[in-house]
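Participant: Provided below are the primary sequence and the corresponding predicted coordinates.
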Amino acid sequence: MSRLSEKSRLFLELVKFEHSIFALPYAYIGALYGAGLVTGGGWPRASELMWITLVMIGARAFAFVLNRAIDKEIDERNPRTAGRAIPAGLIKAWELWLFSALMLGIYLAGVWQLAPITRMLWPIPLLAFIVYPYTKRFTPLCHYWLGLCLGLSAAGGWVAVGAPIGDPAPWVLGMAVMLWTAGFDIIYATQDVECDVRDGVHSMPADLGVSKALVQTRVTHVLTVVLLALGGYLAGAGWPWYAGVGIAGALLWYENSIVSAEDLSRVNAAFFTVNGVIAVVVGAGAVLDRLIG
């Protein structure tokens, strides 16, 4: 039992389960507003929300396994990541691929329980996940590709409940998530500048310098707030949505204020703590909007 418990802990650490807070609320937001459009103000069914949750968990865990496996050699050379389960040899290859197959199975099982269109679109997120680890090998735009992977969550939740894929609202919201993610991933990448430059790994901080990269983060986060507001307008959101967006904007300002080229000591607080709160606040704004709207 102790061995099983230890393996479970390693896999949870491997896929950073707690980071689900970044994308999952936006899948729910897409489902909330998509269901409202389809049903004339109704809510997603409990079964739809359950399957969306399982799809997101399975897809995200599968993506993390791929990323960690493909980046094994890069992680081995970086003191910050060398202790991770895969480069440290704490997880055997067969365990890794068995786990990834299980997560892929959960993803596919969930997809087949949702709106029929998802059965045609399911390869798209997986393709994005497979491409992402390789982008850092040739372009500093890798942060935006990662943002694309998370941004698909809003459109995914929207179509999962049968809302029309051609509606601009989920795509604008997805663009907001993409830019938000790219911005905070740039902050996260400031931790590895020396190793990335040495190993030829591309990132905005490594290619442009930390100061210029953090300016880019500020620009992307301003655009995030603008697009969240526009996406809410297109989805027919009311004042609670905009209140949530306003609070998120204030938190983004705070996030950018505690990180600078001269002081990177609070990168983890800016990356995980603040962004986790932002996702919850925006999600809560959507729920309150649907409750009283």
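Facilitator: Noted; the coordinates are in hand.

Participant: next helix or strand past the helix or strand where residue 35 lies?
Facilitator: Residue 35 is part of helix 24-39 when elements are defined by DSSP states H and E. Beyond helix 24-39 in the direction of the C-terminus, DSSP H and E gives the next helix or strand as helix 46-70.

Participant: buried residues in that following helix?
Facilitator: Buried residues in helix 46-70, counting neighbours by 16 or more other Cβ atoms under 10 Å, are found at 48-49, 51-52, 54-70. C-beta: built from backbone N, CA, C; applies to glycine.

Participant: Repeat that for stretch 116-132.
Facilitator: Taking 16+ other Cβ under 10 Å as the neighbour-count basis, stretch 116-132 is seen to contain the buried residues 118, 121, 122, 125, 126, 128, 129, 132.

Participant: now stretch 253-269
Facilitator: Within stretch 253-269, judged by 16+ other Cβ under 10 Å, the buried ones are 255, 256, 259, 264, 266, 267.

Participant: how about low-confidence regions in the stretch 1-150 of the chain?
Facilitator: 1-20 (pLDDT under 70).

Participant: center of the chain, which residue is that?
Facilitator: The central residue of the chain, meaning the one whose C-alpha is nearest the mean C-alpha position (Cα atoms, centre = their mean), is residue 150 at 3.6 Å.

Participant: Just to check, it is in contact with residue 177?
Facilitator: Yes - at 5.4 Å, residue 150 and residue 177 qualify as touching, with contact defined as Cβ atoms under 8 Å.

Participant: overlap in contacts of the two?
Facilitator: Listed as contacting both residue 150 and residue 177 by Cβ atoms under 8 Å, 6 or more residues apart in numbering are 23, 26.

Participant: Just send the buried residues of stretch 253-269 back as CSV, with distance to residue 35, pLDDT and secondary structure too.
Facilitator: Compiled in CSV, the buried residues of stretch 253-269 are given as follows (distance: Cβ to Cβ, whole Å; pLDDT from 0 to 100; DSSP: H, G, I helix; E, B strand; the rest coil):
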residue, distance to residue 35, pLDDT, secondary structure
255, 31, 95, helix
256, 34, 95, helix
259, 37, 93, coil
264, 42, 89, coil
266, 39, 88, coil
267, 37, 90, helix
